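Asker: next input, structure requested:
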Amino acid sequence: MKWATFISCLFLLSFAESKSLSRKIRDAGVEATASRFATSPLTEFDSLALAWFSQYVQLATFEEVEKLVNGVVARSTNCTTYGLPDPRCTDSLHASFLNELCHAQDFVAKYRLTECCAKADPERDYCFIAHKNATPGYIPTYQEPDVEDLCRPSRNVIIAQYIYETARRYPDTSIPTILIAIHEFQKVIPNCCQDADKSSCFHEKDAAVTKKFEEHNFLQQYNCLILKKNGRKEFKDFKIAQLSQKHPQAQYIIVDTLAEVITLGHEECCRGALFQCFQKQVDFANFVCVHNDTTSTKVVECLSYYERESPRAELLPTDEEFMDNRESCQHYSENRTAYLAKFLYEYARRHPEFSIQLLLWVDEKYEALLEQCCKTEDAPVCLAQLDEQVNKHIAENLEAIKPYCIIEKRGDYNFQNLYVIFMCFHIVNKSLC
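Answerer: Got it, this is the predicted structure:
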């Protein structure tokens, strides 16, 4: 798989980690620098290192960051090409990068990071993360490169500066998100350089790339907000419902594995451990693309699988297994979390028309019914209430939303005004409305 395509796959896949994956995948952070570097094209390794150092020391100059990149590349080259007996060759890439950073004592002193280098891992990493500043305006406005310079054959330095400038302004954004944005920008260069109006072409194409980048960056922040506000269990349930709807053909063990992987990956990314986050995405992409036959029956390549919905087979109703089954209470008491996750998976793959929020509501109601019904003599009859409760809930919500639908038909302006009032009264301080 080409590296650019592979990065695109990472970008689409989101995040990954799982108990059922091999120790190599679960413990990606302890893999040797040499083995990691050996599997990455030199220019892409440069880009990865450049983005990482730019995020960790945002105020450093491009020349300073470039020097750090050259240092870590040289060491990795020695490990892979010459097999030098250097104990540092067994360091993980993350530790190797941190070591390179702390080795430049005058550099870390200049940017007041000496205290971080005095700590042992993982506290050393946490210290660097704590110094990141994503406040808008913390880094001066980026002056876009001259169009003619972009069209010269020797534009690699400009692209490198583009990575540097982007990464230091987005210190909490995952590295694959940044690299794919750079890749998308590079794709427009040949066409725009042949355009009669190069400036307008670059302005238009760059705006589209930036918009896509900001959307994915927002999505990452949104996922972190859900994780922080609702906790990992609800976040994982959210992902189980998403995956089950999108790929109803996938087996439960695969869906549960991927949901767990995505959850753990987001935990790494959301706490600011972006390199570990990147490593998990790399290993997850490898795992999924190698084992794609276990997730879909008609997968030609990794990207095509994740960009389209799997075919939906005829699925039997969930009643027989979860409502009419007298063993439901026993299964629930034995492992509540796993049983409810299995119910959510089965219910979601049968209801692609339901929102994720509604599916989570159904899962919650089913749990409440289990608590109630398993204390009765005839649990199946009691559990049969679920369908009635779901239908009632949907009808009530449809009735409640009718007035909004009428206003929406009167135009976007009226609907937006109503929505502003709604948000004001229900979310913001009512006294301000």
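Asker: C224 against G272, yeah?
Answerer: No: assessed by Cβ atoms under 8 Å, C224 is found out of contact with G272, at 10.0 Å. The way it works is simple: take the backbone N, C-alpha and C, and place the C-beta from them, glycine included.
Asker: tell me where the stretch 251-400 of the chain has helices.
Answerer: 252-270, 274-290, 302-307, 328-334, 336-350, 356-373, 379-383, 385-408 (DSSP state H, counting those that start in this stretch).
Asker: those: which one's closest to P140?
Answerer: Nearest to P140 among the helices of the stretch 251-400 of the chain is helix 274-290 (22.5 Å), distances taken as Cβ to Cβ.
Asker: domain map for this structure?
Answerer: The record's domain parsing of the chain by automatic domain parsing lists 3-225, 230-422.
Asker: can you put those in a markdown table and add mean neighbour count?
Answerer: Converted to a markdown table, the domains of the chain look like this (neighbours: other Cβ atoms under 10 Å):
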| stretch | mean neighbour count |
| --- | --- |
| domain 3-225 | 17 |
| domain 230-422 | 17 |
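Asker: adding mean pLDDT, write these out as CSV.
Answerer: CSV is the format used below for the domains of the chain (pLDDT from 0 to 100):
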stretch, mean pLDDT
domain 3-225, 78
domain 230-422, 78
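Asker: chain center to the longest helix seen in the chain, what's the gap?
Answerer: Assignment by DSSP state H gives helix 198-246 as the longest helix of the chain. Helix 198-246 sits 7 Å away from the centroid of its parent chain (Cα atoms, centre = their mean, to the nearest Å).
Asker: over to stretch 333-347?
Answerer: With Cα atoms, centre = their mean, you get 25 Å for stretch 333-347.
Asker: can you give the contact residues for it?
Answerer: 233, 236-237, 240-241, 244, 252, 255-256, 318, 321-322, 331-332, 359-360, 362-363, 366-367, 374 (Cβ atoms under 8 Å, 6 or more residues apart in numbering).
Asker: what of stretch 187-206?
Answerer: Residues contacting stretch 187-206 (Cβ under 8 Å, 6+ apart): 144, 147-148, 150-151, 155, 185, 209.
Asker: so what's the nearest residue to C102 once chain neighbours are set aside up against?
Answerer: Nearest residue to C102, sequence neighbours excluded (Cβ to Cβ, 6 or more residues apart in numbering): C117, at 3.6 Å. Residues in contact with C117 (Cβ under 8 Å, 6+ apart) are 101-102, 105, 108, 124.
Asker: out of the residues you listed, which two sit at the greatest distance?
Answerer: It's Q105 and R124 that sit farthest apart of those, by Cβ to Cβ, at 14.4 Å.
Asker: any idea how far stretch 261-269 is from the middle of the chain?
Answerer: 8 Å.
Asker: one more: stretch 125-136?
Answerer: 19 Å.
Asker: ok, stretch 181-201 next?
Answerer: 28 Å.
Asker: C-alpha coordinates for it, CSV please?
Answerer: Provided in CSV are the C-alpha atoms of stretch 181-201 (Å, rounded to 0.1, in the frame of the first residue of the first chain):
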residue,chain,number,x,y,z
ALA,A,181,-3.9,17.8,5.0
ILE,A,182,-0.4,18.4,3.7
HIS,A,183,-0.8,15.5,1.3
GLU,A,184,-4.1,16.9,0.0
PHE,A,185,-2.4,20.3,-0.4
GLN,A,186,0.5,18.7,-2.4
LYS,A,187,-2.0,17.1,-4.7
VAL,A,188,-3.4,20.5,-5.9
ILE,A,189,0.1,22.0,-6.7
PRO,A,190,0.6,20.4,-10.2
ASN,A,191,-2.8,21.5,-11.5
CYS,A,192,-2.6,25.0,-10.0
CYS,A,193,0.9,25.6,-11.3
GLN,A,194,-0.5,25.0,-14.8
ASP,A,195,-3.5,27.3,-14.3
ALA,A,196,-3.6,30.7,-16.0
ASP,A,197,-4.5,32.3,-12.6
LYS,A,198,-2.2,30.4,-10.2
SER,A,199,-3.1,32.6,-7.2
SER,A,200,-6.8,32.2,-7.5
CYS,A,201,-6.4,28.4,-8.0
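Asker: now the contacts of stretch 187-206 in TSV, with secondary structure and distance to C89?
Answerer: Shown next, in TSV, are the contacts of stretch 187-206 (DSSP: H, G, I helix; E, B strand; the rest coil; distance: Cβ to Cβ, whole Å):
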residue	secondary structure	distance to C89
E144	coil	40
V147	helix	43
E148	helix	43
L150	helix	38
C151	coil	41
R155	coil	33
F185	helix	34
V209	helix	37
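Asker: closest to L59 among these?
Answerer: Once Cβ to Cβ is applied, the member of these that ends up nearest L59 is E144, at 20.6 Å.
Asker: skipping its backbone neighbours, what lies nearest that closest one in space?
Answerer: D206 (7.8 Å).
Asker: quick check: closest non-adjacent residue to I129.
Answerer: Counting by Cβ to Cβ, 6+ apart, the residue nearest I129 is G272, at 3.9 Å.
Asker: what's the spacing between the one you found and L340?
Answerer: Applying Cβ to Cβ, to the nearest Å, the value for G272 to L340 is 31 Å.
Asker: repeat for H103
Answerer: From H103 across to L340, the span is 50 Å (Cβ to Cβ).
Asker: just put the contacts of stretch 187-206 in JSON lines and tack on distance to R75.
Answerer: Formatted as JSON lines, these follow (distance: Cβ to Cβ, whole Å):
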{"residue": "E144", "distance to R75": "34"}
{"residue": "V147", "distance to R75": "37"}
{"residue": "E148", "distance to R75": "37"}
{"residue": "L150", "distance to R75": "32"}
{"residue": "C151", "distance to R75": "35"}
{"residue": "R155", "distance to R75": "27"}
{"residue": "F185", "distance to R75": "29"}
{"residue": "V209", "distance to R75": "33"}
